[in-house]
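Novice: I'd like to go over a predicted model; first the sequence, then the structure.
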Amino acid sequence: MRVFVTGATGFIGSALVKELVDNGHEVLGMARSDAGAARLSSVGARVHQGDLEDVDSLRRGAAQAEGVIHLAYVHGIGSVGLGARVRILLGGSPSGIPTRFAAAGASADRRAIEVFGSVLTATGGPLVVAFPTMTLAAGHLVTERDAPDATSPGAARIASETATLALASHGVRASVVRIPPTVHGEGDKAMVPRLIAAARKKGVAAYVGQGSNQWSAAYRSDVARLFRLALESGSPGARYHAVGEEGVPMRSIAELIGSRLGVPAKSLTQEEAAGHFGWIAPFVARDNQVSSALTRKELDWTPTGPDLLTDLDRAAYFTAG
(Lines give C-alpha, C1' and ligand atoms only; values in the text may rest on other atoms or scores of the structure.)
Protein backbone atom coordinates (compact mmCIF):
# COMPACT_ATOMS: atom_id res chain seq x y z
CA MET A 1 0.00 0.00 0.00
CA ARG A 2 1.14 3.55 -0.66
CA VAL A 3 1.09 5.25 2.76
CA PHE A 4 1.50 8.92 3.65
CA VAL A 5 2.97 9.29 7.14
CA THR A 6 3.09 12.54 9.08
CA GLY A 7 5.54 12.71 11.96
CA ALA A 8 7.63 10.26 9.97
CA THR A 9 10.95 11.50 11.34
CA GLY A 10 9.91 11.43 15.01
CA PHE A 11 10.63 8.85 17.69
CA ILE A 12 7.65 6.63 16.89
CA GLY A 13 7.40 7.72 13.26
CA SER A 14 10.92 6.64 12.32
CA ALA A 15 10.27 3.18 13.77
CA LEU A 16 6.93 3.05 11.96
CA VAL A 17 8.46 3.96 8.59
CA LYS A 18 10.92 1.08 8.92
CA GLU A 19 8.11 -1.25 10.01
CA LEU A 20 6.04 -0.32 6.97
CA VAL A 21 8.91 -0.58 4.48
CA ASP A 22 10.00 -3.93 5.92
CA ASN A 23 6.47 -5.23 5.39
CA GLY A 24 6.21 -4.23 1.74
CA HIS A 25 4.51 -0.85 1.93
CA GLU A 26 5.59 2.19 -0.08
CA VAL A 27 6.04 5.10 2.31
CA LEU A 28 5.79 8.81 1.59
CA GLY A 29 7.05 10.45 4.76
CA MET A 30 6.55 14.09 5.68
CA ALA A 31 9.71 15.94 6.71
CA ARG A 32 10.25 19.53 7.83
CA SER A 33 14.02 19.63 7.37
CA ASP A 34 16.72 18.40 5.01
CA ALA A 35 18.15 16.24 7.81
CA GLY A 36 14.78 14.57 8.30
CA ALA A 37 14.43 14.05 4.57
CA ALA A 38 17.84 12.37 4.45
CA ARG A 39 16.86 9.99 7.25
CA LEU A 40 13.69 8.99 5.42
CA SER A 41 15.55 8.38 2.17
CA SER A 42 18.12 6.24 3.94
CA VAL A 43 15.47 3.69 4.98
CA GLY A 44 13.78 3.51 1.59
CA ALA A 45 10.96 6.02 2.02
CA ARG A 46 10.02 8.81 -0.35
CA VAL A 47 10.09 12.34 1.03
CA HIS A 48 7.32 14.92 1.16
CA GLN A 49 8.46 18.32 2.43
CA GLY A 50 5.83 20.01 4.57
CA ASP A 51 4.39 20.62 8.02
CA LEU A 52 1.06 20.59 9.83
CA GLU A 53 0.31 24.24 9.14
CA ASP A 54 0.60 23.84 5.37
CA VAL A 55 -2.85 22.52 4.50
CA ASP A 56 -2.15 22.37 0.75
CA SER A 57 0.96 20.31 1.40
CA LEU A 58 -1.01 17.88 3.57
CA ARG A 59 -3.61 17.49 0.85
CA ARG A 60 -0.97 16.82 -1.81
CA GLY A 61 0.69 14.21 0.37
CA ALA A 62 -2.55 12.38 1.10
CA ALA A 63 -3.57 12.50 -2.56
CA GLN A 64 -0.47 10.51 -3.49
CA ALA A 65 -1.33 7.68 -1.10
CA GLU A 66 -3.88 4.95 -0.57
CA GLY A 67 -3.80 5.39 3.20
CA VAL A 68 -2.62 7.89 5.82
CA ILE A 69 -1.07 7.48 9.26
CA HIS A 70 -1.13 10.76 11.16
CA LEU A 71 1.45 10.96 13.95
CA ALA A 72 2.60 14.58 13.77
CA TYR A 73 1.59 17.04 16.45
CA VAL A 74 2.71 20.51 17.53
CA HIS A 75 4.63 19.68 20.72
CA GLY A 76 6.78 22.81 20.94
CA ILE A 77 6.37 26.53 20.37
CA GLY A 78 9.10 26.39 17.73
CA SER A 79 6.92 24.07 15.64
CA VAL A 80 4.27 26.70 14.90
CA GLY A 81 4.50 29.51 12.38
CA LEU A 82 5.39 33.07 13.28
CA GLY A 83 1.80 34.31 13.20
CA ALA A 84 0.51 31.59 15.50
CA ARG A 85 3.51 32.04 17.77
CA VAL A 86 2.75 35.74 18.19
CA ARG A 87 -0.91 34.98 18.96
CA ILE A 88 0.11 32.41 21.56
CA LEU A 89 2.71 34.58 23.27
CA LEU A 90 0.96 37.95 23.05
CA GLY A 91 -2.70 37.00 22.83
CA GLY A 92 -3.45 37.49 26.52
CA SER A 93 -1.93 37.14 29.96
CA PRO A 94 1.34 35.19 30.31
CA SER A 95 -0.41 32.66 32.54
CA GLY A 96 -2.66 31.76 29.60
CA ILE A 97 0.18 30.82 27.26
CA PRO A 98 -0.05 27.03 27.96
CA THR A 99 -3.80 27.09 27.27
CA ARG A 100 -3.40 29.09 24.06
CA PHE A 101 -0.60 26.81 22.91
CA ALA A 102 -2.69 23.69 23.58
CA ALA A 103 -5.59 25.19 21.64
CA ALA A 104 -3.33 26.06 18.69
CA GLY A 105 -1.90 22.55 18.56
CA ALA A 106 -5.34 20.95 18.76
CA SER A 107 -6.66 23.24 16.03
CA ALA A 108 -3.81 22.33 13.66
CA ASP A 109 -4.42 18.65 14.38
CA ARG A 110 -8.14 18.88 13.58
CA ARG A 111 -7.46 20.72 10.32
CA ALA A 112 -5.05 17.99 9.25
CA ILE A 113 -7.59 15.27 10.04
CA GLU A 114 -10.27 17.10 8.06
CA VAL A 115 -7.92 17.38 5.07
CA PHE A 116 -7.06 13.68 5.17
CA GLY A 117 -10.73 12.79 5.50
CA SER A 118 -11.69 14.88 2.50
CA VAL A 119 -9.10 13.08 0.35
CA LEU A 120 -9.83 9.56 1.59
CA THR A 121 -13.61 9.87 1.38
CA ALA A 122 -13.31 9.35 -2.36
CA THR A 123 -11.41 6.08 -1.99
CA GLY A 124 -12.47 4.67 1.38
CA GLY A 125 -8.82 4.19 2.27
CA PRO A 126 -7.55 3.86 5.83
CA LEU A 127 -6.75 6.78 8.11
CA VAL A 128 -5.01 5.98 11.41
CA VAL A 129 -4.58 8.86 13.86
CA ALA A 130 -2.46 8.96 17.01
CA PHE A 131 -4.19 10.08 20.20
CA PRO A 132 -2.92 10.20 23.84
CA THR A 133 -4.23 7.93 26.59
CA MET A 134 -3.72 10.92 28.91
CA THR A 135 -7.14 12.12 27.72
CA LEU A 136 -8.82 9.18 29.44
CA ALA A 137 -10.38 8.96 32.89
CA ALA A 138 -8.21 8.42 35.95
CA GLY A 139 -8.58 6.11 38.93
CA HIS A 140 -9.59 2.90 37.17
CA LEU A 141 -8.60 0.66 34.27
CA VAL A 142 -10.04 2.09 31.05
CA THR A 143 -10.68 0.16 27.87
CA GLU A 144 -10.97 0.89 24.16
CA ARG A 145 -14.71 1.39 24.65
CA ASP A 146 -14.21 4.34 26.99
CA ALA A 147 -14.66 7.85 25.63
CA PRO A 148 -12.15 10.57 26.54
CA ASP A 149 -12.51 12.54 29.77
CA ALA A 150 -13.18 16.26 29.40
CA THR A 151 -11.41 16.96 32.72
CA SER A 152 -8.15 15.28 31.66
CA PRO A 153 -4.85 17.14 31.05
CA GLY A 154 -5.12 16.28 27.35
CA ALA A 155 -8.73 17.40 26.92
CA ALA A 156 -7.83 19.90 24.19
CA ARG A 157 -7.27 16.97 21.84
CA ILE A 158 -10.64 15.26 22.34
CA ALA A 159 -12.10 16.94 19.27
CA SER A 160 -9.45 15.25 17.13
CA GLU A 161 -10.58 11.78 18.17
CA THR A 162 -14.21 12.74 17.60
CA ALA A 163 -13.42 14.10 14.14
CA THR A 164 -11.45 10.99 13.19
CA LEU A 165 -14.08 8.50 14.23
CA ALA A 166 -16.84 10.53 12.57
CA LEU A 167 -15.13 9.96 9.22
CA ALA A 168 -16.12 6.28 9.42
CA SER A 169 -19.69 7.31 8.58
CA HIS A 170 -18.37 8.96 5.39
CA GLY A 171 -16.77 5.82 4.04
CA VAL A 172 -13.25 6.33 5.43
CA ARG A 173 -11.72 3.36 7.26
CA ALA A 174 -10.75 5.72 10.09
CA SER A 175 -9.42 4.53 13.43
CA VAL A 176 -7.53 5.90 16.41
CA VAL A 177 -4.45 4.45 18.10
CA ARG A 178 -4.16 5.75 21.64
CA ILE A 179 -0.57 6.10 22.82
CA PRO A 180 0.50 5.87 26.50
CA PRO A 181 2.39 8.68 28.28
CA THR A 182 5.65 6.81 27.93
CA VAL A 183 6.66 5.08 24.73
CA HIS A 184 10.16 3.98 25.64
CA GLY A 185 13.20 2.65 23.82
CA GLU A 186 16.43 3.78 22.22
CA GLY A 187 16.28 7.46 21.29
CA ASP A 188 13.46 8.32 23.72
CA LYS A 189 13.37 12.08 24.36
CA ALA A 190 9.87 12.42 25.76
CA MET A 191 8.33 12.06 29.21
CA VAL A 192 10.76 9.76 31.02
CA PRO A 193 13.83 11.75 29.93
CA ARG A 194 12.05 14.86 31.24
CA LEU A 195 11.63 13.15 34.62
CA ILE A 196 15.32 12.29 34.59
CA ALA A 197 16.29 15.84 33.66
CA ALA A 198 14.20 17.26 36.51
CA ALA A 199 15.76 14.83 38.99
CA ARG A 200 19.26 15.70 37.82
CA LYS A 201 18.58 19.44 38.03
CA LYS A 202 16.74 19.41 41.38
CA GLY A 203 18.75 16.69 43.11
CA VAL A 204 15.70 14.56 43.90
CA ALA A 205 13.66 12.04 41.91
CA ALA A 206 10.15 13.16 42.70
CA TYR A 207 6.68 11.69 42.66
CA VAL A 208 3.39 13.24 43.78
CA GLY A 209 1.75 12.21 47.03
CA GLN A 210 2.17 8.50 47.66
CA GLY A 211 3.30 7.92 44.09
CA SER A 212 0.60 5.28 43.73
CA ASN A 213 -0.76 6.75 40.50
CA GLN A 214 0.26 4.68 37.50
CA TRP A 215 1.33 5.30 33.92
CA SER A 216 0.56 2.92 31.10
CA ALA A 217 3.59 2.22 28.90
CA ALA A 218 4.74 0.54 25.69
CA TYR A 219 7.93 -0.23 23.83
CA ARG A 220 8.62 1.73 20.65
CA SER A 221 8.73 -1.15 18.16
CA ASP A 222 5.52 -2.63 19.57
CA VAL A 223 3.74 0.68 19.03
CA ALA A 224 5.04 0.93 15.47
CA ARG A 225 3.77 -2.57 14.72
CA LEU A 226 0.31 -1.74 16.06
CA PHE A 227 0.02 1.28 13.78
CA ARG A 228 0.84 -0.96 10.81
CA LEU A 229 -1.77 -3.51 11.87
CA ALA A 230 -4.39 -0.79 12.28
CA LEU A 231 -3.56 0.49 8.78
CA GLU A 232 -3.85 -2.97 7.25
CA SER A 233 -6.76 -4.44 9.21
CA GLY A 234 -8.31 -1.81 11.46
CA SER A 235 -12.08 -1.46 11.62
CA PRO A 236 -13.85 1.80 10.72
CA GLY A 237 -14.53 3.84 13.85
CA ALA A 238 -12.34 1.69 16.09
CA ARG A 239 -10.18 2.76 19.00
CA TYR A 240 -6.99 0.80 19.65
CA HIS A 241 -4.66 0.97 22.64
CA ALA A 242 -0.89 0.80 22.05
CA VAL A 243 -0.33 -0.34 25.62
CA GLY A 244 2.16 -3.01 26.67
CA GLU A 245 1.79 -2.41 30.42
CA GLU A 246 -1.49 -1.37 31.97
CA GLY A 247 0.15 0.66 34.71
CA VAL A 248 3.54 1.27 36.30
CA PRO A 249 3.52 3.08 39.69
CA MET A 250 5.11 6.52 39.51
CA ARG A 251 6.94 5.89 42.77
CA SER A 252 8.66 2.88 41.19
CA ILE A 253 9.75 5.01 38.24
CA ALA A 254 11.07 7.74 40.55
CA GLU A 255 12.92 5.28 42.76
CA LEU A 256 14.68 3.72 39.79
CA ILE A 257 15.65 7.15 38.45
CA GLY A 258 16.94 8.13 41.88
CA SER A 259 18.96 4.95 42.18
CA ARG A 260 20.60 5.44 38.79
CA LEU A 261 21.37 9.12 39.45
CA GLY A 262 22.39 8.65 43.07
CA VAL A 263 19.73 11.04 44.38
CA PRO A 264 16.87 10.38 46.82
CA ALA A 265 13.32 9.66 45.73
CA LYS A 266 10.95 12.12 47.36
CA SER A 267 7.24 12.77 47.65
CA LEU A 268 5.98 16.21 46.64
CA THR A 269 2.65 17.95 47.10
CA GLN A 270 0.70 19.05 44.04
CA GLU A 271 1.91 22.61 44.60
CA GLU A 272 5.55 21.54 44.94
CA ALA A 273 5.27 19.37 41.83
CA ALA A 274 4.43 22.38 39.66
CA GLY A 275 7.76 23.96 40.51
CA HIS A 276 9.68 20.72 40.16
CA PHE A 277 8.25 19.40 36.90
CA GLY A 278 7.00 22.54 35.17
CA TRP A 279 4.32 22.08 32.51
CA ILE A 280 4.35 18.26 32.75
CA ALA A 281 3.33 18.31 36.45
CA PRO A 282 -0.37 17.55 35.75
CA PHE A 283 0.67 14.51 33.71
CA VAL A 284 3.10 13.27 36.38
CA ALA A 285 0.33 13.41 38.97
CA ARG A 286 -2.26 11.79 36.70
CA ASP A 287 -3.33 8.17 37.02
CA ASN A 288 -3.39 6.47 33.61
CA GLN A 289 -4.26 2.78 33.83
CA VAL A 290 -5.15 1.49 30.38
CA SER A 291 -6.11 -1.92 29.04
CA SER A 292 -5.25 -3.16 25.55
CA ALA A 293 -7.07 -6.49 25.77
CA LEU A 294 -9.57 -5.70 23.01
CA THR A 295 -6.82 -4.38 20.73
CA ARG A 296 -4.71 -7.51 21.19
CA LYS A 297 -7.66 -9.73 20.36
CA GLU A 298 -8.91 -7.86 17.29
CA LEU A 299 -5.56 -7.15 15.63
CA ASP A 300 -3.63 -10.16 16.95
CA TRP A 301 -1.12 -7.79 18.51
CA THR A 302 1.26 -9.13 21.15
CA PRO A 303 3.82 -6.72 22.63
CA THR A 304 7.27 -8.32 22.81
CA GLY A 305 9.52 -5.46 23.95
CA PRO A 306 10.91 -5.01 27.46
CA ASP A 307 8.81 -3.50 30.22
CA LEU A 308 9.39 0.12 31.21
CA LEU A 309 11.46 -0.42 34.36
CA THR A 310 13.71 -2.98 32.67
CA ASP A 311 14.25 -0.68 29.72
CA LEU A 312 14.73 2.36 31.95
CA ASP A 313 17.46 0.58 33.90
CA ARG A 314 19.91 1.15 31.04
CA ALA A 315 22.86 3.48 31.03
CA ALA A 316 21.68 5.12 27.79
CA TYR A 317 18.84 6.85 29.63
CA PHE A 318 21.27 8.48 32.05
CA THR A 319 24.34 9.39 29.97
CA ALA A 320 22.97 12.64 28.51
CA GLY A 321 22.70 15.94 30.30
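Specialist: Nice, thanks for sending it over.
Novice: as a check, name the ranges of all strands in the stretch 151-300 of the chain.
Specialist: For the stretch 151-300 of the chain, applying DSSP state E, counting those that start in this stretch gives strands covering 173-179, 182-184, 205-208, 214-219, 238-241, 245-249, 265-268.
Novice: same list, these, but as JSON lines with mean neighbour count and distance to Met1 please.
Specialist: For every residue, glycine as well, the C-beta is placed using N, CA and C. Compiled in JSON lines, those are given as follows (neighbours: other C-beta atoms under 10 Å; distance: least, C-beta to C-beta, whole Å):
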{"stretch": "strand 173-179", "mean neighbour count": "25", "distance to Met1": "12"}
{"stretch": "strand 182-184", "mean neighbour count": "26", "distance to Met1": "24"}
{"stretch": "strand 205-208", "mean neighbour count": "25", "distance to Met1": "44"}
{"stretch": "strand 214-219", "mean neighbour count": "27", "distance to Met1": "24"}
{"stretch": "strand 238-241", "mean neighbour count": "24", "distance to Met1": "18"}
{"stretch": "strand 245-249", "mean neighbour count": "19", "distance to Met1": "30"}
{"stretch": "strand 265-268", "mean neighbour count": "18", "distance to Met1": "47"}
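Novice: low-confidence ranges in the stretch 51-200 of the chain?
Specialist: Regions of the stretch 51-200 of the chain meeting the criterion pLDDT under 70 cover residues 74-93, 95-101, 103.
Novice: quick one: the strands in the stretch 1-150 of the chain?
Specialist: Taking DSSP E, counting those that start in this stretch as the criterion, the stretch 1-150 of the chain carries its strands at 2-6, 26-31, 46-49, 67-70, 126-132.
Novice: okay, those strands in TSV with distance to Glu246 and mean neighbour count next?
Specialist: Shown next, in TSV, are the strands of the stretch 1-150 of the chain (distance: least, C-beta to C-beta, whole Å; neighbours: other C-beta atoms under 10 Å):
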stretch	distance to Glu246	mean neighbour count
strand 2-6	28	25
strand 26-31	31	23
strand 46-49	36	18
strand 67-70	25	27
strand 126-132	16	25
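Novice: and of the ones you listed, who's closest to Gly185?
Specialist: strand 126-132 (16.2 Å; C-beta to C-beta).
Novice: and the closest one, what does it pack onto?
Specialist: Contacts defined by 3 or more C-beta pairs under 8 Å, 6 or more residues apart in numbering; DSSP states H and E place strand 126-132 against strand 67-70, helix 97-120, helix 158-166, strand 173-179, helix 220-233.
Novice: return the most buried member of the ones you listed.
Specialist: strand 67-70 (a mean of 27; mean count of other C-beta atoms under 10 Å).
Novice: what's in contact with that one?
Specialist: 1-7, 16, 61-62, 112-113, 116, 119-120, 125-130, 227, 231 (C-beta atoms under 8 Å, 6 or more residues apart in numbering).
Novice: again, only using 6 Å
Specialist: The contact list for strand 67-70 (C-beta atoms under 6 Å, 6 or more residues apart in numbering) reads 1, 3-6, 62, 116, 125-129, 227, 231.
Novice: partners of that strand, with directions?
Specialist: Using DSSP bridges, strand 67-70 pairs in its sheet with strand 2-6 (parallel), strand 126-132 (parallel).
Novice: can I get the ones you listed in CSV including distance to Ala316?
Specialist: CSV is the format used below for the strands paired with strand 67-70 (distance: least, C-beta to C-beta, whole Å):
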stretch, distance to Ala316
strand 2-6, 26
strand 126-132, 25
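Novice: of all these, which lies closest to Ser259?
Specialist: strand 126-132 (28.4 Å).
Novice: before we move on, back to that, Throw the helices and strands packed on strand 126-132 into TSV and include distance to Ala198, thanks.
Specialist: Output for these, formatted as TSV (distance: least, C-beta to C-beta, whole Å):
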stretch	distance to Ala198
strand 67-70	30
helix 97-120	17
helix 158-166	28
strand 173-179	22
helix 220-233	22
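Novice: how about Ala174: what's its closest non-neighbour residue?
Specialist: Once flanking residues are discounted, Ala174 sits nearest to Leu167: 4.0 Å by C-beta to C-beta, 6 or more residues apart in numbering.
Novice: likewise Leu308?
Specialist: Closest to Leu308 by C-beta to C-beta, 6+ apart is Ala217, at 4.1 Å.
Novice: neighbours of Ala242, just the number please.
Specialist: Using other C-beta atoms under 10 Å, Ala242 has 29 neighbouring residues.
Novice: please read the previous query as pertaining to Ser259.
Specialist: Ser259: 13 neighbours (other C-beta under 10 Å).
Novice: identify the residues contacting it.
Specialist: So Ser259 contacts nothing (C-beta under 6 Å, 6+ apart).
Novice: so for it, what's the pLDDT?
Specialist: Note for Ser259: predicted pLDDT of 96.
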